[in-house]
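**Student:** got a predicted model here, sequence first, then my questions.
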Amino acid sequence: MRGLAERIGERARALGFEAVGIADPAAIARAGANLRAYVAQGRHGEMAWMESTLERRADPRALWPAAKSAVVVGLNYGPRGDPLAALARKDRGAISVYAQGADYHDVVKAKLRQLAAWIAAAGGCEVKLFVDTAPLMEKPLAEAAGIGWQGKHTNLVSRDWGSWLFLGVVLTTLELPAAERGQDHCGACRACIDACPTGAIDAPYRLDARRCVSYLTIERKGPIPRDLRPAIGNRIYGCDDCLAVCPWNKFAQAARELAFALRPEASAPRLADLAALDDAGFRAVFAKSPIKRIGRDRLLRNVLVAIGNAGDEALAEAARARLGDEAGVVRGAAVWALSRLWPRARLAALRGADSDPSVAAEWAAALADPAIDPAPPALAPPPRPRANPA
Ligand code: B12
Ligand code: SF4
Ligand code: SF4
């Protein structure tokens, strides 16, 4: 079968995948145990699917007992410029590199379908394909397939492509020779851990998704926890900080795939323009972007958090205009944004009754209602009268 494994590699590269490797589906037992610990500790937050698919995800053979090999591919989406440049432009929204082009699910899946069909025909076997949406553990499989290693930020790092590979997997009933597992080259480095704005990487190789800006801005549906909002800065969709600082990016190259070219709507858009979007406007602007997945209300929530963090009173009007928004999650974020830009008395003058308890709580906290946001501890006691210096 060695000949066929090599031809699969050639075929994958011809389809545009920069990295390809083969793993034994039985090779990720430790990852399964880790996944159980991660879910048991509630680190997945509101991603309930991680609980319901736990046993199927823990071992690819539970998902498909006939699977004998996993063909794992990586597609480079390396950025052209500095991926963190937009963080300094406070009146703009920073969108993570993975969402700056076309939706990678569509791009990877289209290529993977062709690869899977080719393998099925060439090997006379059955195949199933997976890109993110289906419940395989893609990073541990990519490590087992020799594509790279899971770095301390938990993502797969490649010596050839750095941090910027999307992953996809084809399971097959063919028995193919597995590659050598990728070796860990993190060494003493901890740049990603130190760069994380919210402390989500709470130990090397451990992530608490509930603190990760990517989770908070994309997956979380309700209000973002108040204590994490300031650290989010102007990141309005995902986060690249831990990926961008990795020293292995010195080998990274800009994406070849044309579909990943920077789209105008994802190029540091103005926060004030985004805050004014209604539903139809949102759908028109983000029709071809992965951002459409979170919907208008969640994006505006993120935009208003960024406005609150901008420290620029010129943006306050954009937030004020959203105080009467139809979506509670947007009204609540608007209250928070204004509480950061205006003096309390000015905001208090706009307070109205809100039947949504989460918005009422935002008002109370913003105006420091002691029932919601306990007053800061009393001032330090007055200094004791000094003993007579004489
Ligand atoms: C859920 C998910 C998320 C969640 C949780 C991420 C996470 N690290 O768990 C959130 C929304 C936060 C997220 C964010 C991002 N994601 Co994501 N995500 C996924 C998804 C769907 C499943 C990942 C998963 O199973 N996590 C569960 C944990 C337990 O597994 P793990 O991450 O492999 O962690 C291993 C170890 O580090 C260790 N471990 C980690 N934490 C803990 C905690 C404890 C207590 C223990 C014991 C062990 C342990 O155990 C695991 C197995 O050995 C995959 C696609 C897929 N189907 O695999 C994409 C995927 C991982 N995401 C991807 C991307 C690009 C991102 C972002 C960069 C997007 C962005 N720019 O905003 C960020 C990166 C954040 C980060 N540092 O991880 C790519 C990564 C590509 C690559 N080169 O690695 C994937 C593979 C999608 C794809 N098809 O390309 N993602
Ligand atoms: S994506 Fe951002 S918030 Fe999440 S772990 Fe990486 S640096 Fe931290
Ligand atoms: S930044 Fe350093 S510790 Fe983090 S993944 Fe890269 S090499 Fe490993």
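**Tutor:** Received it, and whenever you're ready, just let me know what you need. Ligands and ions are numbered 1, 2, ... in the order given.
**Student:** chain center to the longest helix seen in the chain: distance?
**Tutor:** Identified as the longest helix of the chain according to DSSP state H is helix 104-123. How far helix 104-123 lies from its chain's middle: 25 Å, per CA atoms, centre = their mean, to the nearest Å.
**Student:** one more: stretch 92-110?
**Tutor:** With CA atoms, centre = their mean, you get 11 Å for stretch 92-110.
**Student:** that one vs ligand 2: in contact?
**Tutor:** No: using CB under 6 Å from any ligand atom, stretch 92-110 stays clear of ligand 2, with a minimum separation of 7.8 Å. In this view, the C-beta of every residue, glycine as well, is placed from N, C-alpha and C.
**Student:** next one: that stretch, is it in contact with ligand 1?
**Tutor:** Yes: against ligand 1, stretch 92-110 shows contacts by CB under 6 Å from any ligand atom at 96, 98.
**Student:** got the contact list for Leu271?
**Tutor:** 91-93, 234, 236, 303, 306-307, 310, 315, 318 (CB atoms under 8 Å, 6 or more residues apart in numbering).
**Student:** do the same with Glu126
**Tutor:** 66, 120, 172-173.
**Student:** repeat that with 6 Å
**Tutor:** Neighbouring residues of Glu126 by CB atoms under 6 Å, 6 or more residues apart in numbering: Thr173.
**Student:** against Thr173, how distant is it?
**Tutor:** Distance of Glu126 to Thr173, computed by CB to CB, to the nearest Å: 5 Å.
**Student:** cool, Ala12 as well?
**Tutor:** 18 Å.
**Student:** with Ala345 instead?
**Tutor:** From Ala345 to Thr173 the distance is 70 Å (CB to CB).
**Student:** which residue packs closest to the one residue in the stretch 251-390 of the chain that gets nearest to ligand 2, ignoring adjacent ones?
**Tutor:** Closest to ligand 2 within the stretch 251-390 of the chain is Asn302: 13.4 Å, counting by CB to the nearest ligand atom. Leaving out its chain neighbours, the residue that sits closest to Asn302 by CB to CB, 6 or more residues apart in numbering is Ile236, at 4.3 Å.
**Student:** ok but the one you found is inside a strand, no?
**Tutor:** Yes: counting by DSSP: H, G, I helix; E, B strand; the rest coil, Ile236 is located in a strand.
**Student:** which helix or which strand is home to the closest residue to ligand 1 within the stretch 1-150 of the chain?
**Tutor:** Residue of the stretch 1-150 of the chain nearest ligand 1, by CB to the nearest ligand atom: Asn34 (3.0 Å). Under the criterion of DSSP states H and E, Asn34 resides in helix 29-40.
**Student:** quickly check: that helix near ligand 2 or not.
**Tutor:** No: Helix 29-40 lies apart from ligand 2 when judged by CB under 6 Å from any ligand atom; the minimum separation is 13.8 Å.
**Student:** for that helix, what is the average pLDDT?
**Tutor:** Average pLDDT, helix 29-40: 95.
**Student:** for the following helix or strand past that helix, list every residue counted as buried.
**Tutor:** Next along the chain after helix 29-40, taking DSSP H and E as the criterion, comes helix 49-52. Buried residues in helix 49-52, defined by neighbour count with 16 or more other CB atoms under 10 Å: Met50.
**Student:** can you name the element that comes right after helix 49-52?
**Tutor:** Defined by DSSP H and E, the subsequent element after helix 49-52 is helix 54-58.
**Student:** what is whichever helix or strand comes after that following helix packed up against?
**Tutor:** Using DSSP H and E, the helix or strand that directly follows helix 54-58 along the chain is helix 60-63. In this structure, helix 60-63 makes packing contacts with helix 54-58, judged by 3 or more CB pairs under 6 Å, 6 or more residues apart in numbering; DSSP states H and E.
**Student:** contact partners for the nearest residue to Ala70 once chain neighbours are set aside?
**Tutor:** Among residues not flanking Ala70 along the chain, Ala23 sits closest, at 4.6 Å (CB to CB, 6+ apart). Applying CB under 6 Å, 6+ apart to Ala23 gives the contacts 70, 72, 141, 144-145, 178.
**Student:** most neighbours among the residues you listed, which one is it?
**Tutor:** Val72 (31 neighbours; other CB atoms under 10 Å).
**Student:** so stretch 140-149, near ligand 3 or not?
**Tutor:** No: Stretch 140-149 stays clear of ligand 3 (CB under 6 Å from any ligand atom), getting no nearer than 8.4 Å.
**Student:** could you dump that stretch to CSV, C-alpha only?
**Tutor:** In CSV, the C-alpha atoms belonging to stretch 140-149 read as follows (Å, rounded to 0.1, in the frame of the first residue of the first chain):
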residue,chain,number,x,y,z
PRO,A,140,-4.5,15.3,17.6
LEU,A,141,-5.0,13.4,14.4
ALA,A,142,-2.9,15.9,12.5
GLU,A,143,-0.1,15.5,15.1
ALA,A,144,-0.4,11.7,14.8
ALA,A,145,-0.1,12.1,11.0
GLY,A,146,3.2,13.9,11.3
ILE,A,147,1.9,17.3,10.1
GLY,A,148,3.1,19.1,13.2
TRP,A,149,2.5,19.2,16.9
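**Student:** show residues contacting that stretch.
**Tutor:** 19, 21-23, 27-28, 31, 70, 72, 74, 150, 156-158, 167, 169, 179-182, 184.
**Student:** got the contact list for stretch 107-117?
**Tutor:** 12, 15-16, 75, 127, 129, 131, 166, 168, 170, 259.
**Student:** show me what counts as buried in it.
**Tutor:** For stretch 107-117, by 16+ other CB under 10 Å, it's 107-109, 111-112, 115-116.
**Student:** give me the contact list for stretch 239-249.
**Tutor:** Taking CB under 6 Å, 6+ apart as the rule, stretch 239-249 contacts 83-84, 96-97, 153, 157, 162-163, 191-192, 195-196, 213-214.
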